[in-house]
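Peer 1: here is the input, now give the coordinates:
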Amino acid sequence: MNIGEMIRSENGGVNGYIAEAGFDFDGIFLEKVASDNPRAPLFNLMTKSPRGRDVRLGSIWERAAKETGETYFGGYIDTAQSGFVPIRMFRSRQQDNVWNIVRPTAQRRREGEAADLPAEDFRRDAVERDAIEPDHDRDDFGPRRASRSAKSKAEAPELA
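Peer 2: Next up is the predicted model:
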C-alpha cells in the first residue's frame, strides 16, 4: 500500500511525507548516517517537531531486488500510535526524482500460498520464524539483534 513519497528537488534536497490513518508526517527529510559499521542504515528519516527540532522517525537501508537488481530502500518508521511500521521506497516509474513509500502487506507463507495477517500476527510470526528458522538471506529491515545462547538463557535469573 502506498503511504507516501519522497521527492528530490533540483538542488539535490530530498523531502516528502508519510501518512496513514494513525499518523501523518509531513516535511520528512533524509539525514545521511555517518558510521563505519557495515550494518548501519544509510539514512535516518527525519522530520521537525512542532517546536522546530529535528526528530528521527526511523531508518532505511539500501537494498537490491533479487530478480532484477533494481535498487530500493527498506526500513521502518516508529510511531507512537502505530508502533513499528516497516516501509520500502521504490523509484517511481513515471518520474525519476520521485520515490514511492510503500508499507508491505503482512503475509504468511504456507505451502506456497500467502494469507493476509493483522500486523500483530505479522510481528509475532516474524519473531517466531527468526527464533526457530534463522534465515541468513532474508530481506528485512536493519541489523539483526544477536540472540542469547542457550547457556546464557539458562543462567539468566528468573523475573518474578
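
Peer 1: please count neighbours and contacts with C-alpha atoms only from this point.
Peer 2: Will do.

Peer 1: now the strands for this protein?
Peer 2: Assignment of strands within the chain using DSSP state E yields the ranges 2-8, 14-20, 23-32, 43-48, 54-64, 71-79, 83-91, 98-102, 107-110, 113-116.

Peer 1: what is the third one packed up against?
Peer 2: Contact partners of strand 23-32 among helices and strands, from 3 or more CA pairs under 8 Å, 6 or more residues apart in numbering; DSSP states H and E: strand 14-20, strand 43-48.

Peer 1: just put the strands of the chain in TSV and tack on mean pLDDT and mean neighbour count.
Peer 2: Below are the strands of the chain laid out as TSV (pLDDT from 0 to 100; neighbours: other CA atoms under 10 Å):
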stretch	mean pLDDT	mean neighbour count
strand 2-8	95	18
strand 14-20	93	18
strand 23-32	93	16
strand 43-48	95	20
strand 54-64	94	18
strand 71-79	92	19
strand 83-91	91	19
strand 98-102	95	21
strand 107-110	53	12
strand 113-116	44	10
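
Peer 1: returning to that earlier point: what's the closest of the helices and strands packed on strand 23-32 to residue 32?
Peer 2: Judged by CA to CA, the one of the helices and strands packed on strand 23-32 that comes nearest to residue 32 is strand 43-48, at 4.5 Å.

Peer 1: run through who's touching that closest one.
Peer 2: Residues external to strand 43-48 that are found in contact with it (CA atoms under 8 Å, 6 or more residues apart in numbering): 25-33, 54-61, 77.

Peer 1: and for stretch 17-24?
Peer 2: Contact with stretch 17-24 is made by 3-6, 25-28, 79, 81-82, 101, as judged by CA under 8 Å, 6+ apart.

Peer 1: which pair in these has the greatest spatial separation?
Peer 2: Farthest pair in the contacts of stretch 17-24 (CA to CA) is 6 and 81. Separation: 22.3 Å.

Peer 1: separation between the residue nearest to residue 8 when sequence neighbours are not counted and residue 73?
Peer 2: Nearest residue to residue 8, sequence neighbours excluded (CA to CA, 6 or more residues apart in numbering): residue 14, at 4.3 Å. Applying CA to CA, to the nearest Å, the value for residue 14 to residue 73 is 14 Å.

Peer 1: kindly report the same for residue 95.
Peer 2: According to CA to CA, residue 95 and residue 73 sit 17 Å apart.
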